[in-house]
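> Quick check, what structure comes out for this input:
(one chain, ligands or ions: 1)
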Amino acid sequence: MADDVKGQELMDKLVSLCKRRGFIFPSSEIYGGFNGFWDYGPYGCRMKRAVESLWWREMVETRDNVEGLDSTIIANPTIWKASGHIDQFSDLMTDCKNCKARHRVDQMEDPTTCPVCGSKDLTEPKEFNLMMKTFVGPVFDDEHVAYLRAETCQPIFVNFHSVRVATRQKLPFGVAQIGKAFRNEINPRNFTFRSREFTQMEMEFFCDGEEGMKWFEYWKEQRINYYRNKLQFPEEFMRIHVHDKLAHYAKAAIDIEVQFPFGWGELEGVHHRGTWDLSQHSKFSGVDLSYMDHDNHRTLMPTVIETSVGLDRTILALLSRAYDEDTAATKKEGMEEDVRVVLHLPPLVAPIQAAVLPQSKKLKENAEALYKDISRYFRSEYDDTGSIGKRYRRQDEIGTPYCITFDFDSLNDNAVTVRDRDTMLQERIGITQLRDYLEKKIGF
Ligand code: ATP
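Sure thing, here's the model as predicted:
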């Protein structure tokens, strides 16, 4: 099978699993959907929150020199004039006169042929601005136009001074933000990979320009290690794309790409942005955002190193990497079907980390008490419907790393059976040791 066919098959299976098991739904589905918008269901939002807190912990809570910010989605539109988004944040697009499909010219293999119907009858390429517009105030005219933010980093630059003064941070230090961003993408596609509303996790690190390359290398390394160690991405699943064409103000830029079902795609960018951002906002706001280095009696415009990742793309990467159909293991555990669908998600980000399954409904009371107890420490679920084998399969399919069976022996030996999702091996663990055991396995 050609790789792209396999990729398409995997994507179809993922989209269907996400819908069926409550990870991701098309937005407004009962109204026919809305292209480029997706809703996260019960398991999807658990996973989303888990990845957000992992990133936040990694980038903010475990560091003394990175602060957090939570800014508004709509802000003074001059911000987007200063950042260049109003004048330059556009893609070239063309329409097929035959099938009416709309395409981004830079994504077409042959910009003279429609990739949908093969027609050569295309409109002249024209610039299409990606900013989403709205109006603020009672009058809907040009003076009241505002924009939904196209990226979460601009409000960080705008708040640079306030954060620094409030926290008494000295260079070098960073400011991080997680939040929604909006882009009127010409051609949303590949499930959540290219959406019109998505979540970004960005960190802007402000430093002395002389140390810019040192910090660029540092953050590049930190972010690659995060994917290796925290999200457990193997080397062959990731690659680094070094930009050879740089924006005029940039000194260096790389993308961390991963193997999505449709091919390699950007997950995160690490960019050395020079002094561009703070200089632009100083110029447009009239407020000098330069930094007084009291120790060395000088003033400087800080250089910015940015790490910028999409949360939706992270979830898609995790799911694509985790999806597996396991045929060898199926007859174990007394199941009839040929294929076990399993998500090998890292336990830290699995939507459910431990499921409590009583051997019989007669054990409901004890098993529920155990579930209530462990759900204080782990994302947990209780399930007593159907055979144990079927319940294991339901948990495999949503990526639950540990299933805990409370059986009749548990009443006497005060122990439970813990079944590992990946090896399907079972271990008997004392209930009083369970929390410790799971914490070690999950790797907090
Ligand atoms: P692309 O080249 O794929 O359009 P970009 O280089 O414009 O992405 P950035 O502006 O650097 O992306 O945004 C940082 C991160 O935000 C990206 O690495 C990606 O993970 C995420 N992102 C950007 N656009 C989208 C989108 N339309 N849908 C989902 N995530 C996105």
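
> can stretch 178-196 be found next to the ligand?
Yes: applying Cβ under 6 Å from any ligand atom, one finds stretch 178-196 touching the ligand at Arg183, Glu185, Arg194, Ser195. Every residue, glycine included, has its C-beta placed from N, CA and C.

> buried stuff in that stretch?
Across stretch 178-196, burial judged by 16 or more other Cβ atoms under 10 Å covers 178-179, 181-188, 190-196.

> again with stretch 259-273
259-262, 265-273.

> can you narrow those to ones near the ligand?
Glu266, Leu267, Glu268, Gly269.

> Mark which of those are part of strands, please.
Glu266, Leu267, Glu268, Gly269 (DSSP state E).

> Report the two of the residues you listed separated the most.
Pairwise distances across these peak at 8.8 Å for Leu267 and Gly269 (criterion: Cβ to Cβ).

> Residues in contact with both of the two, list them for me.
Common neighbours of Leu267 and Gly269, counting by Cβ atoms under 8 Å, 6 or more residues apart in numbering, are Asp255, Ile256, Val309.

> Most neighbours out of those, which is it?
Ranked by neighbour count (other Cβ atoms under 10 Å), the shared contacts of Leu267 and Gly269 have Val309 at the top, with 25 neighbours.

> How about that residue: what's its closest non-neighbour residue?
Distances taken as Cβ to Cβ, 6 or more residues apart in numbering put Glu268 closest to Val309, at 3.8 Å, once the chain neighbours are dropped.

> what sits against the one you found?
Glu268 sits in contact with Arg223, Asp255, Ile256, Thr307, Ser308, Val309, Gly310, where contact means Cβ under 8 Å, 6+ apart.

> ok, now Val51?
Going by Cβ under 8 Å, 6+ apart, the list of residues near Val51 reads Leu311, Thr314, Ile315, Leu318, Val349.

> And it, which helix or strand is it part of?
Using DSSP states H and E, Val51 falls within helix 42-56.

> quick check: mean pLDDT across that helix?
When pLDDT is averaged over helix 42-56, the result is 98.

> do it and the ligand meet?
No: judged by Cβ under 6 Å from any ligand atom, helix 42-56 makes no contact with the ligand; its nearest approach is 12.2 Å.

> Among the contacts of Glu268, which one sits closest to the ligand?
Nearest to the ligand among the contacts of Glu268, counting by Cβ to the nearest ligand atom, is Gly310 at 2.5 Å.

> That closest one against Phe198, yeah?
Yes: applying Cβ atoms under 8 Å as the test, Gly310 and Phe198 come out as touching, 5.8 Å apart.

> Settle it for me: which of these two has more neighbours?
Neighbour count, other Cβ under 10 Å: between Gly310 and Phe198, Gly310 has more, with 24 against 21.

> which residues pair with the more buried one across the strands?
On the basis of DSSP bridges, Gly310 is bridged to Gln200.

> Please put the alpha-carbon coordinates of the helix holding Val51 into PDB.
What follows is helix 42-56 as a C-alpha-only set of coordinates in PDB (Å, rounded to 0.1, in the frame of the first residue of the first chain):
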ATOM      1  CA  PRO A  42     -15.200  14.600  27.100                       C
ATOM      2  CA  TYR A  43     -12.000  12.700  26.500                       C
ATOM      3  CA  GLY A  44     -10.600  15.300  24.100                       C
ATOM      4  CA  CYS A  45     -10.800  18.100  26.600                       C
ATOM      5  CA  ARG A  46      -9.300  16.000  29.400                       C
ATOM      6  CA  MET A  47      -6.400  15.300  27.100                       C
ATOM      7  CA  LYS A  48      -6.200  19.000  26.100                       C
ATOM      8  CA  ARG A  49      -6.100  20.100  29.700                       C
ATOM      9  CA  ALA A  50      -3.400  17.500  30.500                       C
ATOM     10  CA  VAL A  51      -1.200  18.700  27.700                       C
ATOM     11  CA  GLU A  52      -1.700  22.300  28.600                       C
ATOM     12  CA  SER A  53      -0.700  21.700  32.300                       C
ATOM     13  CA  LEU A  54       2.300  19.600  31.200                       C
ATOM     14  CA  TRP A  55       3.500  22.500  29.000                       C
ATOM     15  CA  TRP A  56       2.700  25.100  31.600                       C
END
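
> in it, what counts as buried?
By 16+ other Cβ under 10 Å, the buried positions in helix 42-56 come out as Tyr43, Gly44, Arg46, Met47, Lys48, Ala50, Val51, Glu52, Leu54, Trp55, Trp56.

> same thing with stretch 299-306?
Within stretch 299-306, the residues that count as buried by 16+ other Cβ under 10 Å are Leu300, Met301, Pro302, Thr303, Val304, Ile305, Glu306.

> out of the residues you listed, which one sits closest to Gly209?
Distance to Gly209 across the buried residues of stretch 299-306 (Cβ to Cβ) is lowest for Thr303, with 4.1 Å.

> domain parsing for this protein?
Domains of the chain are assigned by automatic domain parsing as 2-81+131-319, 90-129, 327-442.

> And the contacts of stretch 413-428?
Outside stretch 413-428, the residues touching it (Cβ under 8 Å, 6+ apart) are 329, 332-333, 342, 344, 370, 392, 395-396, 399-407, 409-410, 429-432, 434, 437-438.

> can you do 7 Å?
329, 332-333, 342, 344, 392, 396, 400-407, 410, 429-431, 434 (Cβ atoms under 7 Å, 6 or more residues apart in numbering).

> tell me the mean pLDDT for it?
Mean per-residue pLDDT for stretch 413-428: 96.

> Between the two ends of that stretch, how far is it?
This stretch, stretch 413-428, spans 10 Å end to end (Cα to Cα, to the nearest Å).

> quick one on the thing from earlier: same for the ligand: which of the buried residues of stretch 299-306 are within range?
Within those, nothing lies near the ligand by Cβ under 6 Å from any ligand atom.

> quick one: what helix or strand has the spatially closest residue to Pro346 that is not a sequence neighbour in it?
Distances taken as Cβ to Cβ, 6+ apart put Gln232 closest to Pro346, at 4.6 Å, once the chain neighbours are dropped. Using DSSP H and E, Gln232 sits in no helix or strand.

> Just the pLDDT at Gln232, thanks.
In this model, Gln232 is scored at 96, pLDDT.

> and it, how far is that from Lys440?
16 Å (Cβ to Cβ, to the nearest Å).

> now do Arg393
For Arg393, the distance to Lys440 equals 26 Å [Cβ to Cβ].
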